[in-house]
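[1] let me see the structure of the following:
(chains A, B, C and D)
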Protein chains: 2
Amino acid sequence: MIAWVRFLRAHAATTRELGARLEADHGLTMSDYDVLIQLYFAEGHAMRRVDIARQVLLTASGITRLLDGLERCGLVAKQACASDARVSYAVLTEEGVKKVEAARDTHLADVEELFGSRFSSQERDQLAELLGRLPLAHTAEACET
Amino acid sequence: MIAWVRFLRAHAATTRELGARLEADHGLTMSDYDVLIQLYFAEGHAMRRVDIARQVLLTASGITRLLDGLERCGLVAKQACASDARVSYAVLTEEGVKKVEAARDTHLADVEELFGSRFSSQERDQLAELLGRLPLAHTAEACET
DNA sequence: GACGTATACTTGAGGACGCAATGATCATAG
DNA sequence: CTATGATCATTGCGTCCTCAAGTATACGTC
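    From the prediction side, this is the model:
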């Protein structure tokens, strides 16, 4: 299945390059960025950790460690939940918001260059439709990049 | 860019599931399988390590370690190059060939189930064409799964 | 034929992430 | 109110893989 191999290769090559740029420009992993963006578009810039995990398709443990890093950098803060003592929200700090906005500019441009610019808008829609048929394991289906 | 996010999510979900099955059924990583397949279709079931790296989009060092594992399992053997003392070929052993053939059966079925079956043959071609436009970094462009 | 540069491979150190086990907390049923 | 079972988060351990540096070999140039 040629489409599958290309899918794999395209993903490896594109994310490698994109990740390298993100790292160089902002010191962020693609996963870091992904999580920050989710928070950015969440109500109050806050989310439960489980929900982040589901959105980003990482494990709960992956999220814990990733957030540890972002907290150490001061981009995210922990916040308890009033109604349920088990959950702890992750909240974007002031600095985190700035960081996202800064990173977003260059990252979106990079994605456009390496990915989007390869297709017409019609093709993009079609690609999105086709890819949307693939299984998403839990739930997910995020939105804005 | 919605297509991009779906691309990312689809990749994560699909490879996770596929990898888990491959591990459970044959004790192989997707990368292991990928390398084994490349060798399987190479002349004499042998390749230079650099060429493997380029095909599967891993680093040279990644290949070294991955092959270490496959050698310990007896699936692959090292072989010197007559004309260039720097290169060492990786060669599939008898057992390696059997392993590939066994793994291929179930893996192709899994790929078909999780990926291929979602599209008509026309859509598969189109998907392949679209994905083929993405950058491949070095060279690559493998073939058979 | 010695010298500088490019190429093939390996190794050490470290990061990212999954799995499985654990600790809390909640919710439901009795 | 307590027992049972889910859910949220964290942690220990291990794996995969990268980057940077190091070694060995090849090759072009003077």
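[2] sketch out the low-pLDDT regions of chain A for me.
    For chain A, applying pLDDT under 70 flags the ranges A:137-145.
[3] which residues of it fall in helices?
    A:2-26, A:30-40, A:49-56, A:60-72, A:94-114, A:121-131 (DSSP state H).
[4] and residue B:98, which of those is closest to it?
    Residue B:98 lies closest to helix A:2-26 among the helices of chain A, at 22.8 Å (C-beta to C-beta). From N, CA and C alone the C-beta is placed, and that goes for glycine too.
[5] just to revisit the earlier point, and among the helices of chain A, the most buried is which?
    Among those, helix A:30-40 has the highest mean neighbour count (mean count of other C-beta atoms under 10 Å in any protein chain shown), at a mean of 22.
[6] can that helix be found next to DNA strand C?
    Yes. Using C-beta under 7 Å from any atom of the strand, helix A:30-40 reaches DNA strand C at A:30-31.
[7] report the angle between that helix and helix A:2-26.
    Computed by axes from the mean of the first three to the mean of the last three C-alpha atoms, to 10 degrees, the angle separating helix A:30-40 from helix A:2-26 equals 80 degrees.
[8] helices or strands up against helix A:30-40?
    When contacts are defined as 3 or more C-beta pairs under 8 Å, 6 or more residues apart in numbering or on different chains; DSSP states H and E, helix A:30-40 packs onto helix A:2-26, strand A:46-48, helix A:49-56, helix A:60-72, strand A:88-92, helix A:94-114.
[9] leaving out chain neighbours, which residue sits closest to the closest residue to DNA strand C within chain A?
    In chain A, the residue that lies nearest DNA strand C is residue A:62 (2.7 Å; C-beta to the nearest atom of the strand). Counting by C-beta to C-beta, 6 or more residues apart in numbering or on different chains, residue A:53 is the residue found nearest to residue A:62 once chain neighbours are left out, at 7.2 Å.
[10] returning to what we had before: closest to residue B:111 out of the helices and strands packed on helix A:30-40?
    Closest among those, once you apply C-beta to C-beta, is helix A:2-26, at 5.5 Å.
[11] report the angle between that closest one and helix B:49-56.
    Using the same axes, to 10 degrees: helix A:2-26 against helix B:49-56 is 100 degrees.
[12] quick one: is helix A:2-26 near DNA strand C?
    No. Using C-beta under 7 Å from any atom of the strand, helix A:2-26 stays clear of DNA strand C, with a minimum separation of 8.2 Å.
[13] same deal with stretch A:71-80?
    No. Residues of stretch A:71-80 are not located near DNA strand C by C-beta under 7 Å from any atom of the strand, the shortest gap being 9.7 Å.
[14] pull the distance from that stretch to the chain's centre.
    Computed by C-alpha atoms, centre = their mean, to the nearest Å, the chain-centroid distance of stretch A:71-80 equals 17 Å.
[15] hmm, that stretch in reach of DNA strand D?
    Yes. Shown here: stretch A:71-80 in contact with DNA strand D (C-beta under 7 Å from any atom of the strand) through residue A:78.
[16] gap between the two ends of that stretch?
    Chord length of stretch A:71-80, first to last residue, is 15 Å (C-alpha to C-alpha, to the nearest Å).
[17] residues contacting it, please?
    A:36, A:39, A:46, A:67, A:70, A:88-93, A:95-96, A:99 (C-beta atoms under 8 Å, 6 or more residues apart in numbering or on different chains).
[18] center of chain A - which residue?
    residue A:34 (1.5 Å; C-alpha atoms, centre = their mean).
[19] skipping its backbone neighbours, what lies nearest that residue in space?
    residue A:56 (5.0 Å).
[20] could you do residue A:40 as well?
    residue A:100 (4.6 Å).
[21] thought the residue nearest to residue A:34 was touching residue A:32?
    No. Judged on C-beta atoms under 8 Å, residue A:56 makes no contact with residue A:32 at a distance of 10.2 Å.
[22] report back the residue of chain A that's furthest from centre.
    Outermost in chain A, C-alpha atoms, centre = their mean: residue A:1 at 28.5 Å.
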